[in-house]
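Undergrad: what would the 3D arrangement of this be:
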Amino acid sequence: MASVQLERVSKRFGSTHVIDEVSLSIDHGEFVVFVGPSGCGKSTLLRLIAGLESISDGDLMIGGKRVNELSPQERGVGMVFQSYALYPHMSVYENMAFGLKLGKASSESVAERVNETARILQLEALLERKPKALSGGQRQRVAMGRAIAREPDILLFDEPLSNLDASLRVQMRNEIARLHGRLGSTMVYVTHDQVEAMTLADKIVVLNKGHIEQVGSPRTLYERPASKFVASFIGSPSMNFLEGTCRSTDARETRVELKALGEVVLPYGVDSNAVGSPITLGIRPEHLTPVQATGSDAFEVINVEYLGNESCVYVDSDAEAFLTCRVEADTPIARNDTVSLRIDTAQAHLFDEHGQALARAQDSAL
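TA: Purely as a prediction, here's the structure:
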């Protein structure tokens, strides 16, 4: 079973803690994606699993076996890097066979595994070509094939699509998803692109400054972020944040006073300790609707982006830099219009002054 268990794993470079006591379980056959801003430690954590970096503290288990001191070859992992790292003088076949030959596999076994991998990745017609004769997407499939041909227990991907253009990234995302469905192997994938994370992952691990902020399914992280950091990182466009104060709360509703929008009543209760304290209300762009301005509650539209299937309306909210609304593509709203803003209060999130999500009373009762 190709499960992965990290038990309080840390990595230090001198006095700098890059990974700080990370504990995480990855089940056999899961597709897990590490996301986070640059420098958060996601690539270092992947390299610790691969054995390309040594662990400073803690234990790494693969298939129930402690592997801290084992080499990458002994761990049964295959890795696909951001750069294709193909040998330019070798054909596609030779690149894919290279690791197998180093492992002393028989020529018959090498041919069988390379040809089967080429079939899975639709590379059969390209086996005699050199890398310079391939497109970026084809080169990345060859790099994946080189890792897969060794039949590793775990496949590790370090930002494999970052060098591709937008259309190729979409194509390769589907290729990787299909590959996971065919192989059923454990896959761990690092990306800074939260769209890749949302579309590929069974489980997302959000990292921040060397520690885990939240682990969960894409839907859980989108609909129930555990912190303001997660809420801001997951979702595109990003969540809107409005500063204010919690005025009252009970089992059924919470009243908050927002600097930009005044009083808002949310249809759920939170911890009574929040009353009187500063809070941040978070609302996704699709749950913030611009409507015809009424009374003093009026804000200027600073830009409208037409995106084909939808439009994004950016509103100057006085107290905030700007707020983003996701609306129908054919919206009549235009730049310099004056609008009011309507919040879907059932979809609003509250965060305390430390950026942690305030649990809803209904959630606590579950």
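Undergrad: care to break the protein down by domain?
TA: Under the assignment automatic domain parsing, the domains of the chain span 4-226, 237-364.
Undergrad: just those: most buried one?
TA: Neighbour counts (mean count of other C-beta atoms under 10 Å) averaged over each of these peak at domain 4-226, with a mean of 18. For glycine as for every other residue, the C-beta is placed from the backbone atoms N, C-alpha and C.
Undergrad: gap between it and the chain center?
TA: Computed by C-alpha atoms, centre = their mean, to the nearest Å, the chain-centroid distance of domain 4-226 equals 14 Å.
Undergrad: ok, now stretch 330-339?
TA: 33 Å.
Undergrad: can you tell me what sits against that stretch?
TA: With contacts defined as C-beta atoms under 8 Å, 6 or more residues apart in numbering, stretch 330-339 is touched by 290-293, 298-304, 311, 313, 315, 327.
Undergrad: what do you get for stretch 179-186?
TA: Contacting residues not belonging to stretch 179-186 are listed as 2-4, 26-32, 120-121, 144, 148, 152-155, 187, 200 [C-beta under 8 Å, 6+ apart].
Undergrad: related to what we said a few turns ago, and the contacts of stretch 330-339, which of them are in strands?
TA: Secondary structure assignment by DSSP state E places 290-292, 299-304, 311, 313, 315, 327 of those in strands.
Undergrad: nearest to Thr191, out of these: which one, please.
TA: The closest of the ones in strands among the contacts of stretch 330-339 to Thr191 turns out to be Ser311 (C-beta to C-beta; 27.1 Å).
Undergrad: mind putting the ones in strands among the contacts of stretch 330-339 in a markdown table, pLDDT and distance to Met61 included?
TA: Output for the ones in strands among the contacts of stretch 330-339, formatted as a markdown table (pLDDT from 0 to 100; distance: C-beta to C-beta, whole Å):
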| residue | pLDDT | distance to Met61 |
| --- | --- | --- |
| Pro290 | 94 | 52 |
| Val291 | 91 | 55 |
| Gln292 | 84 | 60 |
| Phe299 | 90 | 54 |
| Glu300 | 91 | 56 |
| Val301 | 94 | 54 |
| Ile302 | 94 | 52 |
| Asn303 | 95 | 51 |
| Val304 | 96 | 52 |
| Ser311 | 96 | 49 |
| Val313 | 96 | 49 |
| Val315 | 94 | 50 |
| Val327 | 96 | 49 |
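Undergrad: most widely separated two among those?
TA: Farthest pair in these, by C-beta to C-beta: Gln292 and Asn303, 18.7 Å.
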